[in-house]
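Asker: Model the structure of this input:
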Amino acid sequence: MAHLATGDRNGRPHVIPICYAFDGKALYSPIDEKPKKISPVKLKRIKNIRENPRVAVVIDHYDENWKKLAYVLITGRAAILLAGQKHKKAALLLRRKYPQYRRMAIDRRPMIRIMPTRVTSWGAL
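Answerer: Residues are numbered from 1 along each chain as shown. Got it, this is the predicted structure:
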């Protein structure tokens, strides 16, 4: 499972689970069509990234055998993509990884791009 942590301009944290794809340089996470109470551009994660682009992502692996526990912590800078080649590439990567996105219009919705500045890990990776 992966979680995205953002902070508003005052540093108040906001953490949510995400789906993501990695192209070898950046992580991409869509604002998909799962039900949301507000417009995608008004979501807290989008607002926070616009106010404060510093983010963190934790990707973890849980197992009942605690010798197999592991995580990767990625800190970096995020940007919101609305169109363009990077947005198109991200949609293709996400559709390859997640069959559910093949039926969603993620190519016409905001996309979060995270450029890692630091990566740390722990456990049995």
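Asker: residue ranges for the helices of this structure, please.
Answerer: 44-51, 85-97 (DSSP state H).
Asker: show me where the chain has strands.
Answerer: 2-7, 13-18, 21-22, 27-30, 54-61, 70-81, 111-123 (DSSP state E).
Asker: Give me the neighbour count for Leu4.
Answerer: 23 (other CB atoms under 10 Å). All C-beta spots, glycine's among them, are computed from the backbone N, C-alpha and C.
Asker: Give the full set of residues in contact with it.
Answerer: Residues in contact with Leu4 (CB atoms under 8 Å, 6 or more residues apart in numbering) are Val15, Ile16, Pro17, Ile18, Ser29, Arg45, Val55, Ala56, Val57, Ile112, Ile114.
Asker: Show me what the second one is bridged to.
Answerer: When you say that, I think you mean Ile16. Leu4 (DSSP bridges).
Asker: so of the strands of the chain, which one's packed in deepest?
Answerer: Most buried of the strands of the chain by mean neighbour count (mean count of other CB atoms under 10 Å) is strand 27-30; its value is a mean of 25.
Asker: Let me have the contacts of Leu4 in a markdown table, extended by distance to Lys89.
Answerer: Converted to a markdown table, the contacts of Leu4 look like this (distance: CB to CB, whole Å):
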| residue | distance to Lys89 |
| --- | --- |
| Val15 | 26 |
| Ile16 | 23 |
| Pro17 | 23 |
| Ile18 | 18 |
| Ser29 | 14 |
| Arg45 | 21 |
| Val55 | 20 |
| Ala56 | 23 |
| Val57 | 19 |
| Ile112 | 14 |
| Ile114 | 14 |
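Asker: Can you add distance to Val72 and pLDDT and give those residues back as JSON lines?
Answerer: Listed next are the contacts of Leu4 as JSON lines, based on distance: CB to CB, whole Å; pLDDT from 0 to 100:
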{"residue": "Val15", "distance to Val72": "16", "pLDDT": "98"}
{"residue": "Ile16", "distance to Val72": "17", "pLDDT": "96"}
{"residue": "Pro17", "distance to Val72": "15", "pLDDT": "96"}
{"residue": "Ile18", "distance to Val72": "14", "pLDDT": "97"}
{"residue": "Ser29", "distance to Val72": "15", "pLDDT": "98"}
{"residue": "Arg45", "distance to Val72": "20", "pLDDT": "95"}
{"residue": "Val55", "distance to Val72": "14", "pLDDT": "98"}
{"residue": "Ala56", "distance to Val72": "11", "pLDDT": "98"}
{"residue": "Val57", "distance to Val72": "8", "pLDDT": "98"}
{"residue": "Ile112", "distance to Val72": "17", "pLDDT": "98"}
{"residue": "Ile114", "distance to Val72": "13", "pLDDT": "98"}
